[in-house]
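[1] Sequence first, then the predicted structure:
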Amino acid sequence: MDFTIDTQNLTPCTEGSCLFEYVNYAAMADQQAALTTGQYRIFLATKSNSFSTTRVYIQAPMQDDKFLLTDADILAGKVKHLFSCASCDYINLTPIAGTVKGIKVANVNTSAEKWLLDAHIVLADEKSKKPVDTLHIKQYFNLAVK
């Protein structure tokens, strides 16, 4: 299995604000992906603008310095997609397939570790399970500040 991730063409933050961070020894507690103490590393990608917020939670193993999530992992609920918008007409989308590859990289500016993730997540209509979109995230994730 090739765990190299091309560092070119990282996911841009084109509007609003974006945050890419992770938490160690955590777990996703419910459908809303509330975080609790657990045995996983949870990666969170957030994109917000003036009217909506999209969050993607990725549950990865704590051990090792690399990981790969597959279709089976995504179907098992290790990736969550949440979209909130008070004034939008939208359908709930749920991850049904894809891959998430992650590797720990050295942070030259600090002693803190960071991770580079490359994710391709197929999103489907929550009711029909029909694929409607594919989400691509390739970005560095830093340890969340408590």
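    Great, that's in hand.

[2] Tell me the strands beside the helix-or-strand element of the chain with minimal mean pLDDT, with direction?
    Least confident helix or strand, the chain: strand 35-37 with a mean of 87, by mean pLDDT, DSSP states H and E. Using DSSP bridges, strand 35-37 pairs in its sheet with strand 17-28 (antiparallel).

[3] any idea of the mean pLDDT for the partner strand?
    Here strand 17-28 scores 93 as its mean pLDDT.

[4] for stretch 116-124, same thing?
    Mean predicted lDDT for stretch 116-124 stands at 96.

[5] how distant is it from the center of its chain?
    Average the C-alpha atoms of stretch 116-124, do the same for its chain, and the two points are 7 Å apart (CA atoms, centre = their mean, to the nearest Å).

[6] likewise stretch 48-58?
    With CA atoms, centre = their mean, you get 11 Å for stretch 48-58.

[7] for it, how far is the first residue from the last?
    Start-to-end span of stretch 48-58 (CA to CA, to the nearest Å) is 18 Å.

[8] picking up where we left off before, other residues contacting the least confident helix or strand of the chain?
    Val23, Tyr25, Ala26, Ala27, Met28, Ala29, Ile42 (CB atoms under 8 Å, 6 or more residues apart in numbering). Quick note: C-beta positions are derived from backbone N, CA and C, even for glycine.

[9] Do me a favour and get the backbone dihedrals for the residue lying farthest from the centre of the chain.
    Distance from the C-alpha centroid of the chain, by CA atoms, centre = their mean, peaks at Ser87 (24.5 Å). Phi and psi for Ser87, reported as degrees, to the nearest 10, are phi -120, psi 20.

[10] can you tell me which residues contact it?
    By CB under 8 Å, 6+ apart, the neighbours of Ser87 are Phe51.

[11] at 10 Å what do you get?
    Residues near Ser87 by CB atoms under 10 Å, 6 or more residues apart in numbering: Phe51, Ser52.

[12] remind me which residues of this structure are low pLDDT?
    Applying pLDDT under 70 to the chain flags the ranges 1-2, 30-33, 107-111, 146.

[13] quick one on the thing from earlier: now render the contacts of strand 35-37 as TSV, adding distance to Tyr140 and neighbour count.
    As requested, the contacts of strand 35-37 are exported to TSV (distance: CB to CB, whole Å; neighbours: other CB atoms under 10 Å):
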residue	distance to Tyr140	neighbour count
Val23	16	17
Tyr25	21	11
Ala26	19	21
Ala27	23	15
Met28	22	20
Ala29	26	12
Ile42	16	23
